[in-house]
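Peer 1: Predicted model, plus sequence, below.
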Amino acid sequence: MLFYTPILIFTGPEKVFANGFVAPLPWADLMETLSHRFTETWVEWTSGVPLFMGIFLAAGWTLSLIFHRRLSTTRVPLQLVALLWIAALIIFQRPNAWAKVWLFLLPLMLLWAAAGTVGLLEKVRLKFLCCPGSSTGRGLPLAVIVVGLALLAGIQHAAWLAPQLPELWAGRGGEEKAVLFVQGQLQDDDLIIVAPPDDAAVWYYSELHGIMNIHFDPLIAFDRTLVLVDPVEGQTPASVLEERGPNPAQVDVESCHLLETFDKILVFECSRK
């Protein structure tokens, strides 16, 4: 409450309690939207991960749930509690759950997967690998071998990836590429229009590359409009202009034509009426 007090005083309680960005989805759109968001989250979590590793982790998570009583002293599996609680929150809040919403869950999923695989493998001991001929030798846990091989594979992958890091870091996403293109096309009396979910990224890269904020103000006098459209989100030039643009009477939507495409971002040019 102490830290939120300045927000409540200077911007009003509606920024916290009536924020349009976290408004519940209509029931009719909930399942379809969640299906898209869960797919996006899975793609983000598994990007660059070999298929066999994904299967291995999924199997480990399942084993951690099935053999919970043998692996933990906690009576109720935390992963089951998490699933039930998250399901209840989804029903109650009906969120538009972007991939970033689930990021907190990723390290927990990895821990549970590790518990399911390593926990069971620890119970398998290879006596012929430790103290052969000894009646007291308990044997080497199979988990040691599996984890050792996994570490070697990780080191090998890191050695393969390290030389590529400068090139990967220098790569630019669709939003930044679109901003750089707009920067090269931009004239003094141009207006730039972009809608969620790409607006924050476009604003950031625009400031980074020296595009002044005034070009995003729909109240300024302008001669031309550059509209950034994300068809993956079902956007069209008309829908973006309707959501974030100036007075509809000022823009000739019929004149909008495509200038360039950058991944999922399309840049349109629209004339003023």
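Peer 2: Received, thanks. Note that this is a predicted model, so its numbers are computed, not measured. Numbering: from 1, shown residues only.
Peer 1: Point me to the helix or strand that includes the residue lying closest to residue 215 once chain neighbours are set aside.
Peer 2: Closest residue to residue 215 apart from its sequence neighbours, by CB to CB, 6 or more residues apart in numbering: residue 192 at 4.9 Å. Using the backbone N, CA and C atoms, a C-beta is placed for each residue, glycine as well. Here residue 192 sits within strand 190-194, counting by DSSP states H and E.
Peer 1: which helices and strands does that strand pack with?
Peer 2: When contacts are defined as 3 or more CB pairs under 8 Å, 6 or more residues apart in numbering; DSSP states H and E, strand 190-194 sits against helix 199-208, strand 224-229, helix 237-244.
Peer 1: what does the longest one contact?
Peer 2: The one in question is helix 199-208. Helix 199-208 is contacted by residues 173, 175-176, 178-180, 182-183, 192, 194, 213, 215-216, 228, 244 when judged by CB atoms under 8 Å, 6 or more residues apart in numbering.
Peer 1: so the spatially closest residue to residue 145 that is not a sequence neighbour bridges to which residues?
Peer 2: Of all residues not flanking residue 145 in the chain, residue 126 sits nearest, at 7.5 Å (CB to CB, 6+ apart). Beta-bridge pairing of residue 126, defined through DSSP bridges, involves residue 140.
Peer 1: In contact with residue 126, which residues?
Peer 2: Going by CB under 8 Å, 6+ apart, residue 126 touches 139, 140, 141, 142, 145.
Peer 1: can you check residue 270 too?
Peer 2: The contact partners of residue 270, by CB under 8 Å, 6+ apart, come to 224, 225, 226, 227, 237, 241, 251, 252, 253, 255, 256.
Peer 1: mind checking how far the last one is from residue 232?
Peer 2: Translated: residue 256. Between residue 256 and residue 232 the computed distance is 18 Å (CB to CB, to the nearest Å).
Peer 1: quick one, which of those two is more surrounded?
Peer 2: Neighbour count, other CB atoms under 10 Å: between residue 256 and residue 232, residue 256 has more, with 20 against 13.
Peer 1: host element of the more buried one?
Peer 2: strand 251-262.
Peer 1: backbone phi and psi for residue 39, please?
Peer 2: phi -60, psi -40 (degrees, to the nearest 10).
Peer 1: what's the burial count for it?
Peer 2: There are 11 residues near residue 39, going by other CB under 10 Å.
Peer 1: State the distance from it to residue 123.
Peer 2: Taking CB to CB, one finds residue 39 at 36 Å from residue 123.
Peer 1: cool, residue 115 as well?
Peer 2: Relative to residue 123, and taking CB to CB, residue 115 is found at 13 Å.
Peer 1: More neighbours: which of the two?
Peer 2: residue 115 (22 against 12).
Peer 1: thought the more buried one was touching residue 60?
Peer 2: Yes: between residue 115 and residue 60 there is a contact at 7.5 Å, judged by CB atoms under 8 Å.
Peer 1: Check the burial of residue 78 by counting its neighbours.
Peer 2: With other CB under 10 Å as criterion, residue 78 counts 16.
Peer 1: ok, now residue 182?
Peer 2: If we define neighbours as other CB under 10 Å, then residue 182 has 25 of them.
Peer 1: which parts of the helix or strand it falls within are buried?
Peer 2: If you go by DSSP H and E, residue 182 is part of helix 174-185. Neighbour counts over helix 174-185 (16 or more other CB atoms under 10 Å) mark 174, 175, 176, 177, 178, 179, 180, 181, 182 as buried.
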